[in-house]
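**Q** Predicted structure and sequence below. I'll ask about it afterward.
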Amino acid sequence: MEGVPSARRARAPKPRGERNSVLFVCLGNICRSPTAEGVFRHLLAQERPALDVDVDSAGTGDYHIGEPPDIRSQRAAMQRGIDLSGLRARQVSVHDFDRFGLILAMDRNNLRALQAWRPKASRAEVRLLLEYAEGLDDLEVPDPYSGGQHGFERVLDLIMLASRGLISALQQRGAAL
Ligand code: 4NP
């Protein structure tokens, strides 16, 4: 997509003199973005517990507000020791563009929705999550909702890869301050 940096060009968010804050966004907030929230929290706690990050997830759609993550996402995450059961879906709000320094979309449809909603005064960076994953040609996390369990495993793999890259980027940002 025009204007979207390649994985190699992805950078840590600009220093804002504030706490790191990341919002993961998909359509329903029941499959991909709660998985990203859970995986990122898990890896952060394991690998960089001193890194202070405000983490959340939301959907551009309103179809599943208040629901727990899809059971197939919960199963795929639980197989890797990550419990998503306490999460509940919510929709992106205009306040998110104030609260979060980095807003990461799972695919280009959601990226476009976020760019359209982003208030002009917002300093949030809005990007694709997979810009933080090394070595991928396709920067979209495929929507697994209408497919089988294999799609949910693929979502986990992609999100694990990108989460590690994102943690490194935030770590570098911290070191640069
Ligand atoms: P997600 O997956 O955006 O990764 O949460 C979906 C969940 C629900 C629907 C589509 C995608 N839906 O059409 O209800």
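**A** Received it, and whenever you're ready, just let me know what you need. Numbering: from 1, shown residues only.
**Q** for the residue nearest to the spatial centre of the chain, phi and psi?
**A** Centroid check for the chain by C-alpha atoms, centre = their mean gives F24 as the closest residue, at 2.9 Å. Note on F24: its backbone torsions stand at phi -100, psi 130 [degrees, to the nearest 10].
**Q** tell me the mean pLDDT for stretch 90-97?
**A** Confidence for stretch 90-97, expressed as mean pLDDT, is 98.
**Q** The residue nearest to the centre of the chain reaches G38, doesn't it?
**A** No: taking C-beta atoms under 8 Å as the definition, F24 is not a contact partner of G38, at 9.6 Å. Heads up, the C-betas are built off the backbone N, CA and C, glycines and all.
**Q** returning to what we had before: quick one: contacts for the residue nearest to the centre of the chain?
**A** 32-34, 36-37, 40, 55-58, 104, 106, 129 (C-beta atoms under 8 Å, 6 or more residues apart in numbering).
**Q** ditto for C26
**A** 32-33, 36, 57, 59-60, 105-107, 110, 141, 143 are the contacts of C26 under C-beta under 8 Å, 6+ apart.
**Q** swap in H95?
**A** Taking C-beta under 8 Å, 6+ apart as the definition, H95 has no contacts.
**Q** Distance check, the closest residue to G59 other than its chain neighbours against D83.
**A** Counting by C-beta to C-beta, 6 or more residues apart in numbering, N29 is the residue found nearest to G59 once chain neighbours are left out, at 3.2 Å. Using C-beta to C-beta, to the nearest Å, N29 is found at 17 Å from D83.
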